[in-house]
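J.: how would this look folded up:
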Amino acid sequence: MFRKILFLTLVFAVGMAWAVSGEAGAIKWRYFTYVSPNDFHAKMNKAWAEDVTKASNGKLEITHFAAGELPYKSADVVKAVATNQIEMGQVGAGLVAGDLPELNVFSMPFICTSYPQFSAAVKAMGTIPDEVLNKKFGIRVTMHWPIPAQNIWLTQRVEKLDELKGRKIRTWNPQQVEMLQLFGASPMTIDPSEVVVALQRKVVDGAITSALSANDWKAYDIVKFGFMLNFTMAHQFTFANAAAFNALPSDLQKLVVAKSEE
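T.: Predicted coordinates:
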């Protein structure tokens, strides 16, 4: 009887060890997008995370979070990925210009205003963003992509640059602040997740963003006019903690790269 109990105990222990090791075998990553869950790029990133998880047969389980689901704002993303609080993040270059001024070149007004220009510029930059991010923060770039042309959406009609004088306009990078100051407007930096509330409460008279983002935010219920300058694209980075990426088995590294390219 003693031998039987000992044998069953060993079988149970081995079974439990196997179960624990099986559970531990799944590598779990968290992926944060700085906008609300209903925003187009939060939906896109969530679908990407699910696609990678499925393609890896669950060996790499990436769970996506959007604004409000984790305690981060856009300005926190780089440092959260750098310290491995989250393994992946996405953010606009202009929103983290304080940490990465070298990578904010696309935010210069009227320099990069179309998809072909953006594509050519990304190719011309080559590995520079990866080198800068790795050196400063231990981060690896996985994707570059643009949000469509930026314009100024307003509660009142504006037809000339002079008519921007005195108006409070939401901005999201230093170049936009300087541009609006030159136009005589009053720029106000507001996180993307707080723009609609600022418009509703009339904290600002308008906001700089793309038509796509304005539509996702249902800003058309508040702002009725667009001053269409198409003055820049919005350069977005998706990146991963370099140490976390390097710790992946080679097949999973290749999968993340392939799915990012796809």
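J.: burial of residue 216, as a residue count?
T.: For residue 216, the count of nearby residues is 18 (other CB atoms under 10 Å). For the C-beta atoms, the positions are set from N, CA and C on the backbone; glycine is no exception.
J.: and it, what does it touch?
T.: Remark: with contacts taken as CB atoms under 8 Å, 6 or more residues apart in numbering, residue 216 is in contact with 38-40.
J.: Now do it against residue 119, distance only.
T.: Residue 216 sits 23 Å away from residue 119 when distances are taken as CB to CB, to the nearest Å.
J.: Could you do residue 82 as well?
T.: Taking CB to CB as the measure, residue 82 and residue 119 are separated by 28 Å.
J.: Tell me which of these two has more neighbours.
T.: When neighbours are counted by other CB under 10 Å, residue 82 comes out ahead of the other of residue 82 and residue 119, with 20 against 14.
J.: So that one is in contact with residue 139, correct?
T.: Yes. Checked against CB atoms under 8 Å, the pair residue 82 and residue 139 is within contact range at 5.9 Å.
J.: overlap in contacts of those two?
T.: Common contacts of residue 82 and residue 139, defined by CB under 8 Å, 6+ apart, comprise residue 241.
J.: now residue 60, which residues is it bridged with?
T.: Counting by DSSP bridges, residue 60 forms beta bridges with residue 27.
J.: show me what contacts it?
T.: For residue 60, the residues meeting the contact criterion (CB under 8 Å, 6+ apart) are 26-27, 29, 52-53, 248, 252, 255-256.
J.: Point out the least confident one among those residues.
T.: Summarising pLDDT for the contacts of residue 60: the lowest-scoring member is residue 26, with 91.
J.: how many other residues sit next to that residue?
T.: Residue crowding around residue 26 was assessed by other CB under 10 Å; the count is 13.
J.: gap between it and residue 92?
T.: Counting by CB to CB, the separation of residue 26 from residue 92 is 31 Å.
J.: repeat for residue 147
T.: Distance, residue 147 to residue 92, using CB to CB: 7 Å.
J.: Give me the below-cutoff pLDDT ranges for the stretch 1-150 of the chain.
T.: In the predicted model of the stretch 1-150 of the chain, residues 1-24 satisfy pLDDT under 70.
J.: just the strands in it please.
T.: Ranges of strands in the stretch 1-150 of the chain, per DSSP state E, counting those that start in this stretch, are 27-33, 60-65, 88-92, 139-147, 150-154.
J.: possible to save those strands as TSV with distance to residue 165?
T.: Formatted as TSV, the entries for those read as follows, by distance: least, CB to CB, whole Å:
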stretch	distance to residue 165
strand 27-33	35
strand 60-65	41
strand 88-92	27
strand 139-147	27
strand 150-154	13
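J.: Helix, strand or coil: sort out residue 213 for me.
T.: Assigned state for residue 213: helix (three-state reduction, DSSP: H, G, I helix; E, B strand; the rest coil).
J.: hang on, it packs against residue 39?
T.: Yes. At 6.9 Å, residue 213 and residue 39 qualify as touching, with contact defined as CB under 8 Å.
J.: any common contacting residues for the two?
T.: Listed contacts common to residue 213 and residue 39 are residue 192; contacts here mean CB under 8 Å, 6+ apart.
J.: thinking again about what came up before, mind checking which of the contacts of residue 216 are buried?
T.: Neighbour-count burial within the contacts of residue 216 applies to residue 39; the criterion is 16 or more other CB atoms under 10 Å.
J.: sorry, back to before: between residue 147 and residue 92, which is the more surrounded one?
T.: The neighbour count for residue 147 versus residue 92, taken as other CB under 10 Å, is higher for residue 92 (24 against 18).
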